[in-house]
Every structure is written in structure tokens, then in C-alpha cells.
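> Output the structure for:
(chains A and B)
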Amino acid sequence: MPAITLVEAVNLALARALADDPSVVVLGQDVGRDGGVFRATLGLLERFGPQRVIDTPLAEQLMTGMAIGMAVEGLRPVVEMQFSGFAYVAIDQMLNHAGRMRHRSQGRLTCPMVLRTPCGAGIHPPEHHSESPEAMFAHVPGIRVVYPSSPRRAYGLLLAAIRDPDPVVFLEPTRLYRLFREEVEDDGVATPLDHCVTLREGSDITLVTWGAMVHETLQVAAALAEEGVAAEVIDVVTLRPFDLDTVLASVARTGRCVIVSEAVRAAGFASEIAAGIAEHGLLSLFAPIERVTAFDVVVPLARLEDRYMPDRDRILAAVRRCLAFG
Amino acid sequence: MTIVARFEVSYSQCLDAAGRVTGVLPAFARMPADLIPLYRWMVLARALDQRMLTLQRTGQLGTFASGVGKEAVDVGVASAMQADDVLLPTYRETGAQLVRGVSVEELLAYWGGDERGSDFAVPRRDFPVCITIASHCVHAVGVAYAMKFRHEPRVAVCMIGDGATSKGEFYEALNGAGTWKLPVLFVVTNNQWAISVPRSTQSAAATLAQKAIAAGIPGEQVDGNDLIAVRAAAERALARARAGEGPSVIEALSYRLADHTTADDATRYRDPDEVARAWQNEPLHRVREYLVASEVWRREDEEMLAHECTARIQTAVQAYLQRAKPSPAQMFDHLHARLPAAYQPQRDGAVRGE
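Numbers count the residues shown, from 1 in each chain, chains lettered A, B, ... in the order given. Model prediction:
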């Protein structure tokens, strides 16, 4: 079994889905001949042909909207948004149409499509390439929002997203695209959606995170272990619908919770999780819930990226405040 | 300097406002009596429109967008389509939906505020009404792509208004449809007004049809109040699409005789004289005049048709008014194929009324 990167796992899942199901098509700008700007679609054009691996004109509303039309007519389109900032345009189509088609027609028409977009900061790109739009998508009824944080989960979750009978926004952490490798078996097995995954068990504090920040959070948990603090790490994985039960069960055991998010703080998904715990798990808490997030500012260009994103020190400081309380 | 490209936009009309033949009649209209079924649809669409307005004014229907004045476009286009083609309508295409097979009761249910009205028994593949302007143009491209992908001789027909041609999705859709030479027809009903904004403010382009040319696809203008001209243009475009020759745009010149919707008051922004002049051009009159002059239609036929339409609509209105209010569960039951566990408590609460 080969050890591959996250972006290679995305490629593997796309190839698997295209091979298994003749109704799957991949479309977007540069997904064909170029193999995608991040190479997520490398080799697919050669294997599956231009009718199924479709280079589109440079038009995000067209890509997203035509995927909706394709899905309603029985195809299973997977659209690639080239960079996170370009995906904002797609919110209109996802919100006004993809998430509503089934309800609007009372089940007559359905929209089994996937919108893939790279997300997050940390790769020193130009402006509009480092966005964290997950909360915007997570606010939309009728769609799922999935955010893998490892090659193996990227493979299984993308297969699940493509096979899902409803629209899925699939966010891919660019910072993790090539950061590490993991053995991934191309067995065609999908990872169930709608569930958080507990990556590390612990009884002293619950750390909840998703996307690229899973990486730093696991490092913090490992450092804490050396001090004798057992931190539980939960990867949210599916932001919408959100599996609050897994988080509540953990907080019931630890009594302390720090939520780590790379997105801006105001009206972010960390707030949604904190509210869920406050509503249903308040009496389990020994300390106030902490949110470690980016600042409520515009994502800066590369020189200040490292100061914008939460890092291990900021996570650790929040954990220490939380542990010291009460 | 060398001219590298040259374009022209045609305009066609077969019947003038008085019902006189002004152009070559296409095959479907060679026998005047063959137009009677189409005329009957136009009269039904007008009658339903009027009844919808009455129901709205008496608090028995929600906000409604009248299609009065565009019956020739609706009937001309929809009657040219095949059953397994796909219509992607806006909110002003009630007449076209009627011809496609959507029932009067379903149309009433939708405009009365119930999603079940968009679960058409027929035609199953047609899209529900699209409210956000031009956003369904890109869906039509995807529908047409799927049809071509499976080598099916079907066509996606996207209906929009003049205001929609100012939007990005319209341009993106035309551009994409041209690139892949897809079986899709865009019908622009140019009724001269996008709520209060007149056609002259919408674009400096001499015609809206010419916007097709920039995308490399044919665009033509027709008299949108002329049933025969609209149907003939739609037939040509659909045949081209079915033959693999790609997309087209038809700009149907018409006039919005009603307010934008029942929530609008058009006297605030347009001259009543202009509306009165437009009524001289309305689409039903000329067909009726032509049929009468051709001695295939009599006053008794007209009266009988009016009675039939009233009765058919009345039956549907009765059924609509007796429909039970949907259960709150309806908000949840088609959100996803299966309701995710996370939303189950909300559904339970909504059903209990909490």
C-alpha cells in the first residue's frame, strides 16, 4: 500500500469514482489538460476523456450552475473551484439552487453534486487564495459541508460525497495537500459523512477542530501528553450537518473544551460549536469554552500569514487558561 | 483595415396586429384550423391569469406574476417542444407550464404558497419556477450537457426576460453552451420592462438577440405577440439543437401588459398611454381575427371556449381551496434524501408546534 499525500488521495478518489460510475464527471478550470492547478485531477483526462473530465470556460457561476443542471439530469458532477476566494461566487448557486432543488420540487428533482474547493491559508499565495469560507457554506440549508484533514479521510470522504444523493461542499486544506503522507488503500470504501472523528482520546480536556488546524492541534495534544495532560482531539470532519453528540459526550467526560479554527472568529463555526455545548452541556463544564481562531481581519498577504493563523503557542495558551480555571 | 467578422440579426413576423398575413406561413400554420388548438391554450392561459389575479386580490393566493401579453411566447415555445425536452421557466411562464402539462391545480398550489405545486405529475423533468433572475440559464447548460453526453435527442429550453440579459449568468451560459455546442434554446421575452427599468436602461445593444452572436451562437428576433412567428422560430431552433447544431437565442418582442407582480404598481413608473397602445398589439386578438377571417372560428366557438376555460379553472380552484395546509414536516422531509440525525429534533419540535 503506497503512502500518498492528501492531494494524491483526492486524485485517487476522483479516479475511483470515475471508474466505478459512468455518470460521474469532473469539471472546472484547468482540470483537464493541466490536471488542475494543484494537480488534483492529474491524469484523469487521459484516462476518462474530455466528455467526463471537462475544462470549462473561466466562469465559476457557469461551472457551479451547470453542475446543478447536470445533477438534476442524472449525472454526478464534481466541480473544482480553483482557489478559495473564487468559490464565493458559487455560494449563490449553492444557496439559491443546489440546496433547495429537492425541497423545492418535493423530491421530484435532486442535486447529487460535489463542489470541491481548496481552502485555508499558509502557502504564501496571492490575495483571495487563503480564505476559510466554511461557515458561509455551513449556513446553507440542504447541503453538506465536509472538510478532511488527512489523505485517508480525504479519499473515503470524497467517495462518500460523490455517492451522496445530495449536494456536498468538499473543502480541501491546501496547507495539508503535500505536508505529509499516509498509506491509503484504493479499496473504493467510502467514509460515512455526518460524523466527527475522535483522533486521540483523553480525559482532561477536549480539543475540537477541523481542516488544516487538526495538524497543529494534534501536535499540541502530543506536547501536553508529555506534561501528563490527556487531551482528546476531535476532528469535526462534517460541519453540516454537525455531529454535536460526539463533542457533548467528550465534554461530559473532560469538562473542558477548546475549539480551534483557522477562520475569523465573528459568526464562525467555532461559535456554533460553543453554542451547542452551552445549550446542551453547560453543566458538564468546569471552565469557560475557549475559541482559538484567526483574528477578525482580512487574511493578510504572505508576510503576516503566520501571525494571522492560530499557531501551537496560541492553542497551548488557551488550553492552559482552560485547565487552570476553577 | 480589414473586416474580420460581420453579423446581422433578423426579425420575423407572420401575422400583424390585425391578423393579416405578413410573412411566409410555416408548415404547421398552412391550414388555419391547425392553429385552433394553440389558440385554445392562449385563451386558457389568459383566463387562468385573470383568475389568479382575482384570487390574489381576494386573499386566496400569494403574490403572483401575471403573464398577460406573453401568451404567444408561452404557447408558441412550449407547443414546439417535445414531451421529454426540459423547460426551465421563470415566474412569468405560467402559460408555457400549462402547455407542458403542469395542471391548473398545481400552478394554483405553487402560487398559493405550497411546494407541492412544483412536484408536477407531468412533466417530471421540467424545472420549477426560477425566481433569481438568469440563475437558471447555467442550469440549462448542465441539463443540455447531460442530454448530449447520453446522446439523447432532447433539448433544454430556458425562458428569461429582457432584464436577465444584463446578468452574468446569461453571458456565462451562452458562452458555455456555444463552446460545447449544446442542445439548448434560450428564449428572451423582451417585454420592455424589468419591474420599473425600461429596456433602454437595460442595455445599449440595438437588439438583445445580438448578445448571442458574441457567444458564437445564432440569435434572432421575432414578433413575440405573433404566435406563428414565435412557434416557427422555436421549431427551427429546436430542430437545429436536436440535429446537433447547437444552441440558439430567440428574442421575442412583446410588452408586459400587467404590473410586474401583484405587489407592484406600474402606474408609478410608466405612462398609461404606452400600456393602452401596447394593448392594440396584444397576441390573442390577431390569432382570433385570422381564424375568423379564415372562416374556421365563429363567435359561438369563442363563447363555448370561454365557458370551457372557466369551468376547467373553477374545478381546479375548488380543489385548490379545499387542499389541506401542508404539515410542518414538509419543511424537513425533502431537505435531504434522508433527514440527517442532527435535524431530527428540530423536525419533531416543528411537528409538535414547539
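> C-alpha only now, for contacts and for neighbours.
Fine.
> How about the contacts made by A:Leu62?
Applying Cα atoms under 8 Å, 6 or more residues apart in numbering or on different chains to A:Leu62 gives the contacts B:138, B:169, B:172-173, B:176.
> Please, which helix or strand holds it?
helix A:60-72 (DSSP states H and E).
> relative to helix A:60-72, how tilted is the helix or strand following that helix?
Where DSSP H and E defines the elements, the next helix or strand beyond helix A:60-72 is strand A:76-80. If you take axes from the mean of the first three to the mean of the last three Cα atoms, to 10 degrees, strand A:76-80 sits at 160 degrees to helix A:60-72.
> So which residues of the stretch 1-150 of chain A form strands?
A:3-4, A:24-28, A:53-55, A:76-80, A:114-119, A:144-146 (DSSP state E, counting those that start in this stretch).
> hmm, back to that, quick check: mean pLDDT across the helix holding A:Leu62?
In this model, helix A:60-72 carries a mean pLDDT of 98.
> Check stretch A:115-125 too.
94.
> Please see if it touches chain B.
No. Counting by Cα under 8 Å from any Cα of the partner chain, chain B is not contacted by stretch A:115-125; separation bottoms out at 14.5 Å.
> list the buried ones in that stretch?
Across stretch A:115-125, burial judged by 16 or more other Cα atoms under 10 Å in any protein chain shown covers A:115-122, A:124.
> just these now: which is nearest chain B?
A:Leu115 (14.5 Å; Cα to the nearest Cα).
> Look up how far A:Asn11 lies from the closest one.
Computed as Cα to Cα, to the nearest Å, the A:Leu115 to A:Asn11 distance reads 15 Å.
> do B:Glu235 as well
The spacing between B:Glu235 and A:Asn11, counted by Cα to Cα, is 44 Å.
> who in chain A is up against chain B?
A:51, A:56-57, A:59, A:61-63, A:65-75, A:93, A:96, A:99-100, A:102-109, A:141-142, A:165-166, A:194, A:241-244.
> Name only those of those residues that count as buried.
A:56, A:59, A:61-63, A:65-75, A:93, A:96, A:99-100, A:102-109, A:141-142, A:165-166, A:194, A:241-244.
> Show the average pLDDT along stretch B:210-225.
98.
> What about the closest residue to A:Ala138 other than its chain neighbours, how many residues nearby?
Leaving aside its sequence neighbours, A:Ala138 sits nearest to A:Arg240 (Cα to Cα, 6 or more residues apart in numbering or on different chains; 5.5 Å). Using other Cα atoms under 10 Å in any protein chain shown, A:Arg240 has 28 neighbouring residues.
> do B:Gly216 as well
With other Cα under 10 Å as criterion, B:Gly216 counts 16.
> OK, contacts around it?
B:175, B:178.
> what secondary structure does it sit in?
Assigned with DSSP: H, G, I helix; E, B strand; the rest coil, B:Gly216 falls in the coil class.
> and what of B:Thr165?
helix.
> what about B:Asn225, distance to B:Asp265?
In terms of Cα to Cα, B:Asn225 sits 23 Å off from B:Asp265.
> So which of the two has more stuff around it?
B:Asn225 (29 against 14).
> May I ask you to confirm that that one is in contact with B:Val75?
No. Judged on Cα atoms under 8 Å, B:Asn225 makes no contact with B:Val75 at a distance of 10.7 Å.
> Closest residue of the stretch 251-354 of chain B to chain A?
Nearest residue of the stretch 251-354 of chain B to chain A (Cα to the nearest Cα) works out as B:His334 at 4.6 Å.
> That residue is in contact with A:Met101, isn't it?
No. Taking contacts as Cα under 8 Å, B:His334 lies outside contact range of A:Met101: 9.1 Å.
> Would you mind telling me which of those two has the busier surroundings?
A:Met101 (26 against 21).
> Looks like the more buried one contacts A:Cys111 (just checking).
Yes. Using Cα under 8 Å, A:Met101 makes contact with A:Cys111 at a distance of 6.6 Å.
> ok, for B:Leu182, nearest residue in space, not its chain neighbours?
B:Gly246 (4.7 Å).
> How is the one you found assigned, secondary-structure-wise?
Applying three-state DSSP: B:Gly246 is coil.
> Contact partners for the residue positioned nearest the centre of chain A?
For chain A, the residue nearest the mean C-alpha position is A:Tyr147 (1.5 Å; Cα atoms, centre = their mean). Listed by Cα under 8 Å, 6+ apart, the contact set of A:Tyr147 reads A:170-173, A:210-211, A:237-239.
> Need phi/psi at it.
phi -140, psi 90 (degrees, to the nearest 10).
> gap between it and A:Met113?
16 Å.
> Give me the domain ranges for chain B.
B:11-323, B:328-354 (automatic domain parsing).
> most tightly surrounded among those domains?
domain B:11-323 (a mean of 20; mean count of other Cα atoms under 10 Å in any protein chain shown).
> Need the phi and psi values for the residue nearest the centre of chain B.
With distances taken as Cα atoms, centre = their mean, B:Glu93 lies nearest the centre of chain B, 3.1 Å away. Dihedral angles phi and psi of B:Glu93 (degrees, to the nearest 10) take the values phi -110, psi 30.
> Show the contacting residues for it.
With Cα under 8 Å, 6+ apart, B:Glu93 has these contacts: B:67, B:74, B:159.
> CSV for those residues, including pLDDT and secondary structure?
CSV is the format used below for those (pLDDT from 0 to 100; DSSP: H, G, I helix; E, B strand; the rest coil):
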residue, pLDDT, secondary structure
B:Gly67, 97, coil
B:Asp74, 98, helix
B:Met159, 98, strand
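> just those residues that are near chain A?
Among the contacts of B:Glu93, not one lies near chain A by Cα under 8 Å from any Cα.
> just these now: which is nearest chain A?
With Cα to the nearest Cα as the yardstick, the closest approach to chain A among the contacts of B:Glu93 comes from B:Met159, at 14.8 Å.
> Quickly note the distance from the closest one to B:Ala234.
12 Å.
> do the same with B:Val155
Counting by Cα to Cα, the gap from B:Val155 to B:Ala234 is 11 Å.
> Quick check: which element contains B:Ala173?
helix B:168-180.
> now do B:Asp348
Using DSSP H and E, B:Asp348 falls in helix B:344-352.
> quick one: that helix to chain centroid distance?
38 Å (Cα atoms, centre = their mean, to the nearest Å).
> anything in that helix sitting right up against chain A?
No. Using Cα under 8 Å from any Cα, helix B:344-352 never reaches chain A; the gap is at least 11.0 Å.
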